[in-house]
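Enquirer: kindly generate the corresponding structure for this input.
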Amino acid sequence: MAIKEPRTYPYRTDFKVRDYECDLQGIVNHANYIHYCEHARHEALEALGGSFQKSHDAGEDLVVAKLQIEYLVSLRSGDEFYVETAFRREGVRVVCAQKITRKADGVKCVMAEVHAVVVKDGKLSRGDTLFDLLLGIDKPED
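Expert: Numbers count the residues shown, from 1 in each chain. Got it, this is the predicted structure:
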């Protein structure tokens, strides 16, 4: 299934590749792109006035259920780049679309889509409080 790219990405987080994130070929190891995306999701939630810790303390946890990632162009040590993030709702899932772009030339390096569910007090939940925060005025459809 192809990754759906949103029209706009409301959140952007800037990064720079560190030497230890690269493998023997001198390119960023594939797992680090997942770390970059996760950090950008946390930053986006903080920009909205929330945090994963606050949600957890309130009994709501956002748990990754599916991750789809397309590696397009490799980053190398010292490259500056940014991760753009957008959220949408699909049923009981939060879907986070993310794009990693190299700053120097605007080349798209990675496309990712993370599907997560909200677990409240140990049970699957519609996560309305967390969704309201992530999506603003969008409410779940009954």
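Enquirer: and residue 41, how many residues sit next to it?
Expert: Residues contacting residue 41 under the criterion other CB atoms under 10 Å number 24. Where you see a C-beta, it was placed from the backbone N, CA and C, and this is true even at glycine.
Enquirer: three-state assignment of it?
Expert: Per DSSP: H, G, I helix; E, B strand; the rest coil, the secondary structure class of residue 41 is helix.
Enquirer: just checking, it touches residue 112?
Expert: No: with contact taken as CB atoms under 8 Å, residue 41 and residue 112 are classed as non-touching, separated by 10.1 Å.
Enquirer: just the buried positions in stretch 1-12, please.
Expert: 9, 11 (16 or more other CB atoms under 10 Å).
Enquirer: quick one: average confidence on it?
Expert: Mean pLDDT, computed over stretch 1-12, is 89.
Enquirer: one more: stretch 119-137?
Expert: Here stretch 119-137 scores 75 as its mean pLDDT.
Enquirer: one more: stretch 59-74?
Expert: When pLDDT is averaged over stretch 59-74, the result is 93.
Enquirer: run through who's touching that stretch.
Expert: Applying CB atoms under 8 Å, 6 or more residues apart in numbering, the set of residues contacting stretch 59-74 from outside is 1, 3, 27-28, 30, 33-34, 37, 52, 55, 93-94, 102, 107-121, 125, 127, 129-130.
Enquirer: which members of the residues you listed are classed as buried?
Expert: Using 16+ other CB under 10 Å as the burial test, the contacts of stretch 59-74 include 27-28, 33-34, 37, 52, 55, 93-94, 102, 109-114, 116-120, 125, 127, 129-130 as buried.
Enquirer: now intersect those residues with the strands, please.
Expert: Of the positions in the buried ones among the contacts of stretch 59-74, 93-94, 102, 109-114, 116-120, 125 sit in strands, assigned by DSSP state E.
Enquirer: intersection of neighbour lists for residue 41 and residue 112?
Expert: Shared between the contact lists of residue 41 and residue 112 (criterion: CB under 8 Å, 6+ apart) are residues residue 98.
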